[in-house]
Every structure is written in structure tokens, then in C-alpha cells.
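Enquirer: I'll drop the sequence and a predicted model, then ask my questions.
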Amino acid sequence: MSSAKVHARNLFCNWGAHAANLVVMFFLSPFLVHTLGPMEYGIWSLLWVLTGYMGILDLGVRASTGRHVILYLGKEDHEKVDHTIRTGLAFFTLTGGLVIAIGSLVGWVFPSAFSSVPLKYHGLLKILMPVMALNVWLSALAAVFSSVIIAHERFDIARGIDIGVLAIRTVGTVFALRWGHGILGLTIVVVVCNVVALFANWVVAHRIYRRLRAWPLILSKKRVRELLGYGLAAFISAIAVKIIGQTSLVVVGAAINVSAVTVFSVGAMLIYYSSTFLDHIGWTFFPPVQRAAARGELGTMRWLFLRQVRLGMILGLVLNVGFIAFGRPFIRLWMLGPEFPESAVSEAAMVMAILAGSKLLLLPTIGSNQLLAATGHIWFTAAIGIIEAGVNLGLSIFFVLVFEWGLVGVAAGTLVARVLVRTFVLPWYACRKAGVGWPGFCARIGGPAILSGALFAATCLAVRATIRPDSWPMFGISIVLALVCYAPIAFLILVPSADRTRVYRELARRARRETPYA
């Protein structure tokens, strides 16, 4: 199979797996909210957030293990591949005990940190938190075997395993709640699914790479030093991502109440899930950017960088302006019910609008992380990430405790921090390293983006005024109409003239070929 077809297959599989998660989230979330209720769903959300924090204790070794497996397979150094895999497994086995111990401690202090949690959950949380921490260890071990599959560019198999596990988790979740087991049943389902994922990745990895050995474990000083050396920057970036993406729920639970976590989660959920579609742009372009940087091909690197930004603008504008314009009717149709009244819909819609605004501010930075990583400036992006995370956390707490803005204040912390730290600094630095003039970048990228966003926002308002999206069919018609109007806006303003010319020529060529001759 040609490299182009392999890349297309891999991208399709990654998009497909994420789309499957998005579909499950869409249908399953209302069921979870209405079955568990605001309090229990809020507790469940916090359990997931705190478990996610424990994942950063891998110190970036998870990402580093995957990178070095790919590196040494490419060099056909199978001894180092073997040592990397077994060292990674040994490292995660040791840190797994630490993670479970920390989980037990968090379970004891959980009721004190979130004082609005009812007394009847205190004992249960002391059990659930270390069990959820066990999942961090299981997923880390599974990631080592998955990295072997991905190193052989079998994203179709890796994502196939993910979709299979997703199906098991979805069915298990429905039955656990139908049978009245609540968050205890959900925890058991998650553990079972992680065990299945670990076993499946181990079996498939061994079939693909017959030299694979998982035992005996080794702790080679050289391999550990190598894994930690590369992983430290990834570790810092992971901390920043966790703080920016998940600490908001902790602030809501601690400073407001646990039930409010449910409202914030509903408003933020679709924003965070949709962001992955934009992230795939950078992941797809990183290999050619890295190759261009290694060869010193500045022109190619510059072209790829600008191409990523334009693609991100085209997709990001339609997503996030759409969330702002249609967020309230969507959430009302999606969640409205006894456990999620109209007041909760209004708050969740405001959270969605503010977070969508923060994502709009992120669009100029698409491609910057990949370019800077490819040119050896990964520490700059890590520093930007950790500074933004600190400002985000501080402002969110300040807005809630001092201004008493509630959920709006938590979301506003993300928005303001993004303006102050990332929106201008990161693309400016990337332009500097790529040899792109900053005024030209603002004129060629920023100006058309602002114009397109304004026109699309006006279009969405006109559609909302014309069609009342108070049912799913009418909502669907509104979205289709808005997208139809957005297509010419994006094509005429955001697509470069050279690309438009190629499209026109291709259409003309096909028209000539299909015209019948007398």
C-alpha cells in the first residue's frame, strides 16, 4: 500500500474512532444525567477529573515510550525496542503502586475538599477513588502495547480495539444504571473495559511484532534516562492541558457545589470533544513539518504551517461560532428534563458560549505547536502552556470568589487567560521561527478570519430569527441552512486564491469532459 493511502487510512481511522466517541457521548450523556441526577453525576465527573490528574504521574514516559519504540523499529534495533518496552512496563508497574496509594488518599480527603457531597457517599468514595486510580495503571500498560501497534502504522487495528472497548463500556454503562448500581456500577464497568483493552492490545501487539516480550521486566538506567529526558517536556505540557481542560470542574465543585459540576460539564462537553477534530490537523501535518525542518526546507515548512492555520480557521469558525449561536436550543433539546431544568439550560449555554469564544481565540495558534516542536523549541510551548494554566486557574478562582460570577466566572477564566498568554504570543513566535512576517500573517490570516466569522455569525442570527429550532427536525434544518450559507463564505474568503483557481480549473475540466459532442 502506498504511503499516501496509509496516511489516508490512518487519518480516517482516527477520525472514525473519535466520531464514534462523539456519537456515544451525544446519546449517553442525557441518560447519565437524568439517571444519576445532578449530585451523583457531579461526583462521577469529579472522579474522572481526579483520575485524569493521576495520569500525569507517568512523567511523560507514556508518550516517550511510543516515540522510542517507533524510533528503534525504524532503525531495526530490536534489542533497544525490547528494552524500551520492558522498561516502560516496569516503570508503570512501579508508579502504579504510587498512583493507587495517592488514589486512596484522595478518596479520604474527597468529602473535605467538596463539602457539598452528602454523607451517604463518603464511605463509597474511599473505595471508588483507589479503584479508579487502578485504571490509570491499566491504561498505561495498555498504552505500551498499543504503541507497538501504532509503530507499525496499524491505526486501523488500534482504533478498532478502541471502538470495541467503547461498545462494551456503552452497553455495560446502560445495564449498570438500569439495574440501579449507580456510580459503583459505572466504576466496575470502567475497570472491566480497561482489563479488556490491556489484554486485546497485548495479544494484537504480539501478533504484529513477534519479537515482543513483556517479561521479565527490566529497569535499564540508560533507557529510563532516555524515556524521562524526552518525556519531561511532554509531562509539563500534559500538566498544562489537565489544568486548562479539567481544573474548571474542580473549582466548580469546591467553590460552588458538586451539583453545579453537572451544569458546567454539559456546557463544556461538546466544546472539548469537538476540539479533537481540530487537533487532528496538527497531528496529521506534524510528520511532513518535521521532515521539512530536518532538511532545512524553510519554504516547505512555512507553507505547511500556513496551510494548517487556514484549515483550522475553516473548521474552527464553523464549529465554535455555531456553538455560540445554537448552543442554547441544542442544550434544551439535548438535556431539558426534571433533573436539568430551564435555569440549568441557560447556565450551561452561557458556559458553552464563553468556552467556544476561548476556542476561537485558539485558532490562530493551530500549527504553532507542531512547528516549534519540529524546530526544537518544544520547551517554549511547554512554558506557554504552564503559564496559561496558572493564569487560568487563578482568574477562575478570582472571578468566582471575588466577583461571584459563578459558572460564568470559571469559564471566563479560561477565556481571559487565553487572550493574555497564548492567542498572540504563540503564533508570533512560530512566525518568527518560520520566517513569516507578523503583519503579513495578521493580514492574510487574521483579517479574513474575522470577516468570515462576522458574516457567519450574522448568518446564524438570521437563521435563528427565521426558523425556531424548538424540535430536532427544525434544529437540523437550521444547522443545514447555516452550513450551506457558510460554504461560499469560507471558500471565497478563507481559501487561498491559488486553491480556488485550481478548483475552478478542475470543475471546468470535468465539465468539458462530460459535455456531449454533436
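Expert: Thanks, I have it. Residues are numbered from 1 along each chain as shown.
Enquirer: is Glu76 in a helix, a strand, or coil?
Expert: Secondary structure state of Glu76, per DSSP: H, G, I helix; E, B strand; the rest coil, is coil.
Enquirer: now do it, the pLDDT please.
Expert: With respect to pLDDT, Glu76 scores 74.
Enquirer: which parts of the stretch 401-518 of the chain are helices?
Expert: 407-417, 425-434, 438-441, 447-466, 472-489, 497-514 (DSSP state H, counting those that start in this stretch).
Enquirer: can you list the buried residues in the fourth one?
Expert: Yep, that's helix 447-466 we're talking about. 448-449, 452-453, 455-456, 459-460, 463-464 (16 or more other Cβ atoms under 10 Å). Any C-beta I mention is one placed from the backbone N, CA and C, and that applies to glycine too.
Enquirer: same check, this time on stretch 164-178
Expert: Within stretch 164-178, judged by 16+ other Cβ under 10 Å, the buried ones are 165-166, 169-170, 172-173, 176-177.
Enquirer: okay, these in TSV with pLDDT and secondary structure next?
Expert: Formatted as TSV, the buried residues of stretch 164-178 follow (pLDDT from 0 to 100; DSSP: H, G, I helix; E, B strand; the rest coil):
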residue	pLDDT	secondary structure
Val165	90	helix
Leu166	90	helix
Arg169	91	helix
Thr170	92	helix
Gly172	93	helix
Thr173	91	helix
Ala176	90	helix
Leu177	90	helix
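Enquirer: could you identify which of the helices of the stretch 401-518 of the chain is most buried?
Expert: Counting by mean count of other Cβ atoms under 10 Å, helix 407-417 has the highest mean neighbour count of the helices of the stretch 401-518 of the chain, with a mean of 24.
Enquirer: what mean pLDDT does that one get?
Expert: 94.
Enquirer: what lies in contact with that helix?
Expert: 244, 248, 251-252, 256, 260, 263-264, 267-268, 347, 350-351, 354-355, 357-358, 361, 388-389, 391-400, 403, 405 (Cβ atoms under 8 Å, 6 or more residues apart in numbering).
Enquirer: check what pLDDT Thr93 gets.
Expert: pLDDT, Thr93: 83.
Enquirer: and Ser115, how many neighbours?
Expert: By other Cβ atoms under 10 Å, the residues close to Ser115 number 10.
Enquirer: can you confirm it is in a helix?
Expert: No - secondary structure of Ser115 (three-state DSSP): coil, not part of a helix.
Enquirer: need phi/psi at it.
Expert: phi -70, psi -20 (degrees, to the nearest 10).
Enquirer: next one: Gly337
Expert: Dihedral pair for Gly337: phi 180, psi -180, per degrees, to the nearest 10.
Enquirer: ok, what's across the strand from it?
Expert: Under DSSP bridges, the beta-bridge partners of Gly337 are Phe340.
Enquirer: Ser116 is in contact with Asn257, isn't it?
Expert: Yes - Ser116 lies in contact with Asn257 (Cβ atoms under 8 Å); the separation is 4.1 Å.
Enquirer: quick check, pLDDT for Val421.
Expert: pLDDT, Val421: 92.
Enquirer: for it, which non-adjacent residue is closest in space?
Expert: In this structure, Val421 finds its nearest non-sequential neighbour in Glu388, 4.0 Å apart by Cβ to Cβ, 6 or more residues apart in numbering.
Enquirer: wait, Pro338 touches His34, no?
Expert: Yes - if you go by Cβ under 8 Å, Pro338 and His34 touch, sitting 7.3 Å apart.
Enquirer: quick check: phi and psi at the residue nearest to Val421.
Expert: Main-chain torsions, Glu388, degrees, to the nearest 10: phi -60, psi -40.
Enquirer: tell me which other helices or strands the helix or strand harbouring Tyr41 touches.
Expert: Using DSSP states H and E, Tyr41 sits within helix 3-54. Judged by 3 or more Cβ pairs under 8 Å, 6 or more residues apart in numbering; DSSP states H and E, helix 3-54 is in contact with helix 78-113, helix 122-151, helix 155-178, helix 182-208, helix 221-251, helix 258-295, helix 298-335.
Enquirer: lowest average pLDDT across those helices?
Expert: helix 221-251 (a mean of 67).
Enquirer: list the contacts for Ala133?
Expert: 51, 54, 99-100, 102-104, 106.
Enquirer: show me which of these are buried.
Expert: Buried members of those, counted by 16+ other Cβ under 10 Å: 51, 54, 99-100, 102-103, 106.
Enquirer: in JSON lines: the residues you listed, plus distance to Ile366.
Expert: Formatted as JSON lines, the buried ones among the contacts of Ala133 follow (distance: Cβ to Cβ, whole Å):
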{"residue": "Thr51", "distance to Ile366": "29"}
{"residue": "Met54", "distance to Ile366": "29"}
{"residue": "Val99", "distance to Ile366": "33"}
{"residue": "Ile100", "distance to Ile366": "38"}
{"residue": "Ile102", "distance to Ile366": "35"}
{"residue": "Gly103", "distance to Ile366": "35"}
{"residue": "Val106", "distance to Ile366": "35"}
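Enquirer: related to what we said a few turns ago, mind putting the helices of the stretch 401-518 of the chain into a markdown table with distance to Val136?
Expert: Output for the helices of the stretch 401-518 of the chain, formatted as a markdown table (distance: least, Cβ to Cβ, whole Å):
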| stretch | distance to Val136 |
| --- | --- |
| helix 407-417 | 25 |
| helix 425-434 | 30 |
| helix 438-441 | 40 |
| helix 447-466 | 39 |
| helix 472-489 | 38 |
| helix 497-514 | 44 |
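Enquirer: go through these and name the closest to Ala205.
Expert: With Cβ to Cβ, the closest approach to Ala205 among the helices of the stretch 401-518 of the chain belongs to helix 425-434: 35.8 Å.
Enquirer: from the chain's centre, how far out does stretch 44-57 sit?
Expert: From the chain centre to the centre of stretch 44-57 is a distance of 15 Å (Cα atoms, centre = their mean, to the nearest Å).
Enquirer: repeat that for stretch 100-115.
Expert: The gap between the average C-alpha position of stretch 100-115 and the chain average comes to 26 Å, counting by Cα atoms, centre = their mean.
Enquirer: keeping just the C-alphas, turn it into PDB.
Expert: Coordinates of each C-alpha in stretch 100-115 appear next as PDB, following Å, rounded to 0.1, in the frame of the first residue of the first chain:
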ATOM      1  CA  ILE A 100      -3.200   3.700  43.800                       C
ATOM      2  CA  ALA A 101      -1.800   4.900  47.100                       C
ATOM      3  CA  ILE A 102      -2.500   8.500  46.100                       C
ATOM      4  CA  GLY A 103      -6.000   7.500  44.900                       C
ATOM      5  CA  SER A 104      -6.700   6.000  48.400                       C
ATOM      6  CA  LEU A 105      -5.500   9.300  50.000                       C
ATOM      7  CA  VAL A 106      -7.700  11.400  47.600                       C
ATOM      8  CA  GLY A 107     -10.700   9.200  48.500                       C
ATOM      9  CA  TRP A 108     -10.300  10.000  52.200                       C
ATOM     10  CA  VAL A 109     -10.000  13.800  51.600                       C
ATOM     11  CA  PHE A 110     -12.600  14.000  48.800                       C
ATOM     12  CA  PRO A 111     -15.500  14.800  51.200                       C
ATOM     13  CA  SER A 112     -13.500  17.500  52.900                       C
ATOM     14  CA  ALA A 113     -12.400  19.100  49.600                       C
ATOM     15  CA  PHE A 114     -16.000  19.000  48.200                       C
ATOM     16  CA  SER A 115     -18.100  19.800  51.300                       C
END
